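[1] I'd like to go over a predicted model; first the sequence, then the structure.
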Amino acid sequence: MDIKNKSITSREDDFAKWYTDIVTKAEMAAYSKIKGSIIIEPRGYAVWENIQRGLDKMFKDTGHENVYMPMLIPESLLQKEANHVEGFAPEVAWVTKGGNNDLEEKLGLRPTSEVLFCDYYSSKIQSYRDLPKLYNQWCNVFRWEKETRPFLRGREFLWQEGHTVHETSKEAEEETHRMLNIYKTFFEEYLAIPVITGRKTEKEKFAGADYTLTVEALMYNGISLQSATSHYFGQRFSIPFDIKFLNRNGEYENPYQTSWGTSTRMIAAIIMVHGDDNGLVLPPRIAPTKVVIVPISKSEEVKNKAYELLNNLKDAGISTIVDDSEKSPGFRYAEHEMNGVPIRIELGPRDLEKNQVVLARRDTYKKSIVPLEANLVNEVNTLLDDIQKNMYETAKARNAEKTYECTQLDEVAEIMENRPGFVKAMWCGEEECEMKFKEIRGTKSRCIVDNEKPIDDKCICCKKEAKHLVYWGIQY
RNA sequence: CCGAGUAUGGCUCAGUUUGGUAGAGUACGCCGUUUGGGGCGGUGGGGUCGUAGGUUCAAAUCCUACUACUCGGACCA
């Protein structure tokens, strides 16, 4: 199908430009006067709301409650956990004045809220009966990033952060894994984005964590994106923050904690995994508008039919709009394709004559004809499910193509140069060997995966005994 | 943060070399016509030339600083 494209750069020619073109042309976000703080426009925000709705339900179903913490953190509080400060200090923005007066203690804009939660928990938790605490908050955070791109890396962005406190390490570790799996499920079932999950290396883990579990996704261009993380803290925060409880043996003990989060970066992932040269492609399950009806004619008959179909679909809970604007049909097709609407229903005089409508799907551009006497709601629902599934399968097949098993370090250089993706390789666990990868176009360990079968018994780098199977890639 | 580039109407860009009264296409408004993949004709409105300084009789054009974006590199819990 020959589709004219006046507006956006091809993703093959210039992926970075293509990405920002979609963000702005599909009106997901606009630039603001503040570097790194974007204006999330209605379409982008509606996607975020659907993401929130989906995830929030999964959190609530597993016993979590939402809370809200302050945006400002006193400097002294931020400094309580050494590794944590070291990790975040370089990118904290500070409030130093109230009106015209200097503040006695400067206040950091939260880059993440561990210390706020910990401070709160220290005053709230006294007995094992107070545990577990399973809290989450939806909020914005600030990190003074040097390089920013809409949704992908901002100085201000929206996210959720879960912070839980448990009686035992076992319980806390189970929580860490439970939340990782919730993210995995959400990415695969709602966003149609296949992911790999595993553990970060010591070097890459969250500042202050015992260990970090991660959800990694591969973008269309083979660059990987850290899309969600789940951290096990052990007692690393509860000790310095003096959170303690009287345990079942009548002794004071520091509890075990976790934190987990994901952000508006998911929207970047949706764009970079599913988008094409005609714009955004939204997975049906999170698309704010699932169906657009385009009447091809201003005749009353066609128009009435369009609105009749609209009502049928809306009554069935399918978010639908009619676009009866003056634009030519081709213009309207292109516009809704840019915006990523999963299904377009074309309806013209010719269809009315034949007593049918045309369903065009966004993911493959294939059109199908549905007789008017058929159950349109069923047809649409079936098609939405199929699109959702197909988008996932397409992304999964591409990932498979871009995932390479390597046993020699020099193969990695060729791959990252010519056809970047995930390299699966064995690693001895030494940082020295981990660093060798960095010399190859900044390739980094993305995650350690324990549940796949080893591909070699020697480290790809030093040839000593291999301990871990690791996915390596170039990261955003 | 380092190197290179870009910034002119909503968007894409010409004009900058060689200083001399702001241009086009597209989009937008209105009228008409049309409608099965970004239609056609007419007409109208819209720009402190990224921001702030400087040089000059005169600056979109030359100089300086800053900001934003793009590419490459460094960094990225």
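    All right, it came through fine.
[2] SS state for the residue in the stretch 51-200 of chain A that RNA strand B sits nearest to?
    Distances between the stretch 51-200 of chain A and RNA strand B by C-beta to the nearest atom of the strand are smallest at A:Gly87, namely 3.9 Å. To be clear about C-beta, it is placed using only N, CA and C from the backbone, and glycine gets the same treatment. Put simply, A:Gly87 is helix when judged by DSSP: H, G, I helix; E, B strand; the rest coil.
[3] for stretch A:324-341, give the mean pLDDT please.
    Across stretch A:324-341, pLDDT averages out at 92.
[4] what's around the residue of chain A found nearest RNA strand B, how many residues?
    At 1.7 Å from RNA strand B, A:Ala16 is the closest residue in chain A, using C-beta to the nearest atom of the strand. Neighbour count for A:Ala16, taken as other C-beta atoms under 10 Å: 12.
[5] in a helix, it, correct?
    Yes: according to three-state DSSP, A:Ala16 belongs to a helix.
[6] check which helix or strand covers the residue sitting nearest the centre point of chain A.
    Centroid-nearest residue in chain A, with C-alpha atoms, centre = their mean: A:Met266, separated by 2.3 Å. Assessed by DSSP states H and E, A:Met266 sits inside helix A:265-274.
[7] contacts for that helix next, please.
    A:19, A:22-23, A:28, A:44, A:47-48, A:51, A:149-153, A:157, A:187, A:191-193, A:217-221, A:225, A:227-228, A:280-283, A:286, A:340, A:363, A:391, A:395, A:476 (C-beta atoms under 8 Å, 6 or more residues apart in numbering).
[8] looking at these, which are in helices?
    Applying DSSP state H to the contacts of helix A:265-274, the entries found in helices are A:19, A:22-23, A:44, A:47-48, A:51, A:187, A:391, A:395.
[9] hmm, which of these are the buried ones?
    A:19, A:22-23, A:44, A:47-48, A:51, A:187, A:391, A:395 (16 or more other C-beta atoms under 10 Å).
[10] could you export those to TSV, including columns for pLDDT and distance to A:Gln257?
    TSV is the format used below for those (pLDDT from 0 to 100; distance: C-beta to C-beta, whole Å):
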residue	pLDDT	distance to A:Gln257
A:Tyr19	89	36
A:Ile22	89	39
A:Val23	90	36
A:Gly44	93	33
A:Val47	96	31
A:Trp48	96	27
A:Ile51	97	25
A:Phe187	97	24
A:Met391	98	36
A:Ala395	97	34
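[11] my guess is A:Gly154 meets A:Lys35, correct?
    No: at 9.2 Å, A:Gly154 does not count as touching A:Lys35 under the criterion of C-beta atoms under 8 Å.
[12] and those two? Which one has more around it.
    Taking other C-beta under 10 Å, A:Gly154 and A:Lys35 do not tie; A:Gly154 has more neighbours (25 against 14).
[13] how far away is the more buried one from A:Ala228?
    A:Gly154 sits at a distance of 17 Å from A:Ala228 (criterion: C-beta to C-beta, to the nearest Å).
[14] and A:Ser328, by the same measure?
    42 Å.
[15] who has more neighbours, the two?
    A:Ala228 (28 against 10).
[16] surely the more buried one touches A:Ser259?
    No: counting by C-beta under 8 Å, A:Ala228 stays clear of A:Ser259, with 11.7 Å between them.
[17] looking at A:Glu175 now. What's its pLDDT?
    For A:Glu175, pLDDT reads 98.
[18] list the contacts of it.
    A:132, A:134, A:164, A:166, A:258.
[19] run a quick neighbour tally on the second one.
    Right, A:Leu134. A:Leu134 has 18 nearby residues by other C-beta under 10 Å.
[20] what about the helices in the stretch 51-200 of chain A?
    Counting by DSSP state H, counting those that start in this stretch, the stretch 51-200 of chain A has helices at residues A:75-78, A:82-88, A:114-124, A:169-189.
[21] tabulate these (TSV), appending distance to A:Tyr471.
    Output for the helices of the stretch 51-200 of chain A, formatted as TSV (distance: least, C-beta to C-beta, whole Å):
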stretch	distance to A:Tyr471
helix A:75-78	33
helix A:82-88	23
helix A:114-124	27
helix A:169-189	14
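[22] where does the stretch 1-150 of chain A dip in pLDDT?
    Along the stretch 1-150 of chain A, segments meeting pLDDT under 70 span A:1-7.
[23] that one: strands as residue ranges?
    With DSSP state E, counting those that start in this stretch as the criterion, the stretch 1-150 of chain A has strands at A:29-31, A:38-40, A:65-66, A:72-74, A:94-98, A:101-109, A:133-142.
[24] just checking, what packs against the shortest one?
    What that stands for is strand A:65-66. strand A:133-142 (3 or more C-beta pairs under 8 Å, 6 or more residues apart in numbering; DSSP states H and E).
[25] describe which strands the strand it packs on pairs with in its sheet and in which direction.
    Strand A:133-142 has the following strand partners under DSSP bridges: strand A:65-66 (parallel), strand A:156-166 (antiparallel).
[26] just name the most buried of those strands.
    strand A:156-166 (a mean of 22; mean count of other C-beta atoms under 10 Å).
[27] with RNA strand B in mind, check whether that one reaches it.
    No: Strand A:156-166 is not in contact with RNA strand B by C-beta under 7 Å from any atom of the strand; minimum separation 8.8 Å.
[28] show the average pLDDT along that strand.
    Here the average pLDDT along strand A:156-166 is 96.
[29] just want the angle from it to helix A:114-124.
    40 degrees (axes from the mean of the first three to the mean of the last three C-alpha atoms, to 10 degrees).
[30] now do strand A:156-166 against helix A:265-274, angle only.
    110 degrees.
[31] now name the helix or strand holding A:Glu326.
    Counting by DSSP H and E, A:Glu326 is part of no helix or strand.
[32] can you tell me how far it is from A:Lys303?
    On the measure of C-beta to C-beta, A:Glu326 and A:Lys303 end up 13 Å apart.
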